[in-house]
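Colleague: I would like to see how this sequence folds:
(chains A and B)
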Amino acid sequence: MQSAVDAKNLVKKFDDLVAVNDISFNIQTGETFAILGENGAGKSTTIRMIACRSPLTSGKLFVGDFDTKKEEVKIRSILGIVPQENNLDPDLNVRENLLVYARYFRIDKNTAEKRSDKLLDFVGLSKKLGSKVESLSGGMKRRLIIARALLHKPRILLLDEPTTGLDPSVRQEIWEKLEELRQTENLTIILSTHYMDEAEKLSQRLFVMANGKIITRGKPQEIIRKRVKNYALEVRGIRNNPLVVTSTNITSHKRGNTHLYFAEEIEQLTPLMNSYDNTQMILRPSNLEDVFLIYVNSD
Amino acid sequence: MYLALAKVDITDAISVWSRNMRVYLRLWKTELIAPIIEPIFTFFAFGFGVGALISSRVEGLSYLSFIGAGILAFTVLMRTVFELTYGAYFRMVYQSTYNAILSTPVNAESLAFGEILYAATKGLIDALFVIPLVIIFGSSTSYLAPLSIFPLLLGCLFLGSLSLAITAHIREIDHFNLYFALYWSTIFLCGAWFPVNKLFDWLQVIAYILPTTSAIDLTRAFLNGGFEQRHIFEAIYLIIISILLTEWALRSIRKRMVV
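Modeller: I've put the predicted structure just below:
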């Protein structure tokens, strides 16, 4: 399969700070790929390098076979970019935001009008055509930005923390739209996020970044299986109590006021619940957040 | 060694220009009335007020004729400078318009060039309203007056690109205070209100180095006739400075936006 993005030994330095420290990765055409990490891990810098908005300090980066060092214009004509910030044009109304943007892609007026109306319908904003951008809710603005990014029928949709700062129902809305796009369009979707559930739900493959490096990569379920056991017992609200001593088939971690125990079978964890009184306990399948926090704690 | 000007795609620059024009035309009522008000009052204050105290002819012209070029150039250049300082800073930092445009195939150089073109257009639209005013107030004695838009265009390009380059370098909007302090100080030296040769020798040298002096002197030649050899040198000087500063502005915007 053809690569949508191919990165080799990417390094990005800002004066003394190494934001991205020698990472290599490959994203296949048609897959949904997540770049996961905490704030400051290097996700946005990686996204900016893919969008040719940040020159590489060293390494090689190809997007759809084009070299980011030489073919900025060609690359951005195949990318649909959804930035972290709201950069809709407040001087223009909803529909104008799309029409003016279409011009930057040299889409003729008729086609731009047709596509804009169709996309506004897709994101549920067809009743807001003449509204000012400021009058839209946070969720509507996000949806409008996604519609804008799809105007030129991009091959790759690049989303930098698409749901940061949005309330849970709006996050669901955005996820549904992305899910729909993945199923209906032959689109490569690359998203950066610090939400583990978002990465786990949306992506087919991902890598996790910390301090500018990739600390683990693969399919979400594989990473979880490889790095943690099937089930987790999460005990919250612990003060200074030590972790309960357990048998060898249970692993334990302390994170702030929370104790975490992992085991392959749920029955192995239930006896531990008797060791705690009056505390909030959750017995659940392990998730990506567990993997991530174990990594961060181990640093 | 790369040439930023060579990276400009004129179609893309026009798309940026057209985005700004769309916003400008939506506000056309205030945008078109504003540039006329100030020149009218300046004509009354300087032309008739201060002019009444000046009986001698200035550079062979009545004082009212002499300051016509100053008022015209002052209005037009000021408009361009404001557009590419506060206007551009708003689009770049507060509205993230530059970020949105740079998510498309438009490159930083075409974006910057489109911004300069737009600011110059805005300045020249003001000129279309102020030139008739200059004629009505009797400040222009030459039928070549409408052609004064050429030196004004060069003035807009030079001051516009300088302003955009400064905008690309500042990190706080208050830093414009220093730029404007310098701008206001120099505009008084540039022959808008009195002839440069009335200044101390060393100030005259500074005044002639400032390209604004050339733009105003050329504008005056078109408004009132009396072309001399120095006007050719002034035009060449303005063209060279405009090209160099446009190159600087384009590079500065790339350096600011692509990091």
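Colleague: Tell me the secondary structure at the spatially most central residue of chain B.
Modeller: The centroid of chain B falls nearest to residue B:77 when counting by Cα atoms, centre = their mean (2.6 Å). Assigned with DSSP: H, G, I helix; E, B strand; the rest coil, residue B:77 falls in the helix class.
Colleague: need the contact list for it.
Modeller: Residues near residue B:77 by Cβ atoms under 8 Å, 6 or more residues apart in numbering or on different chains: B:123, B:152, B:155-156, B:159, B:187, B:212, B:215. Every C-beta, even on glycine, is put in place using the N, C-alpha and C of the backbone.
Colleague: Where does the residue lying closest to residue A:45 once chain neighbours are set aside sit, in terms of helix or strand?
Modeller: If you skip the residues right next to it in sequence, residue A:45 has residue A:19 as its closest partner in space, 4.3 Å away by Cβ to Cβ, 6 or more residues apart in numbering or on different chains. Assigned by DSSP states H and E, residue A:19 belongs to strand A:17-28.
Colleague: and that strand, how far out from the chain's middle?
Modeller: Distance of strand A:17-28 from the chain centroid (Cα atoms, centre = their mean, to the nearest Å) equals 15 Å.
Colleague: and stretch A:107-124, is it in reach of chain B?
Modeller: No. Using Cβ under 8 Å from any Cβ of the partner chain, stretch A:107-124 stays clear of chain B, coming no nearer than 10.6 Å.
Colleague: quick one on the thing from earlier: Throw the contacts of residue B:77 into TSV and include secondary structure and distance to chain A, thanks.
Modeller: As requested, the contacts of residue B:77 are exported to TSV (DSSP: H, G, I helix; E, B strand; the rest coil; distance: Cβ to the nearest Cβ, whole Å):
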residue	secondary structure	distance to chain A
B:123	helix	20
B:152	helix	26
B:155	helix	27
B:156	helix	22
B:159	helix	24
B:187	helix	29
B:212	helix	30
B:215	helix	30
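Colleague: Put the buried members of the residues you listed into a ChimeraX selection.
Modeller: Typed into ChimeraX, the line below selects the buried ones among those, using 16 or more other Cβ atoms under 10 Å in any protein chain shown:
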select /B:123,152,155,156,159,187,212,215
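Colleague: Give the helix, strand or coil label for residue B:205.
Modeller: On the three-state scheme (three-state DSSP), residue B:205 is labelled helix.
Colleague: From the contacts of residue B:77, which shows the smallest pLDDT?
Modeller: Within these, residue B:187 has the lowest pLDDT, namely 86.
Colleague: can I assume that one is in contact with residue B:212?
Modeller: Yes. Contact criterion Cβ atoms under 8 Å: residue B:187 and residue B:212 qualify, at 6.5 Å.
Colleague: Just list what the helix or strand bottoming out on mean pLDDT in chain B packs against, helices and strands only.
Modeller: Sorting the helices and strands of chain B by mean pLDDT, DSSP states H and E puts helix B:28-42 at the bottom, at a mean of 83. With contacts taken as 3 or more Cβ pairs under 8 Å, 6 or more residues apart in numbering or on different chains; DSSP states H and E, helix B:28-42 sits against helix B:63-82, helix B:108-136.
Colleague: how far is it from where the chain is centred?
Modeller: The answer for helix B:28-42 is 16 Å, by Cα atoms, centre = their mean.
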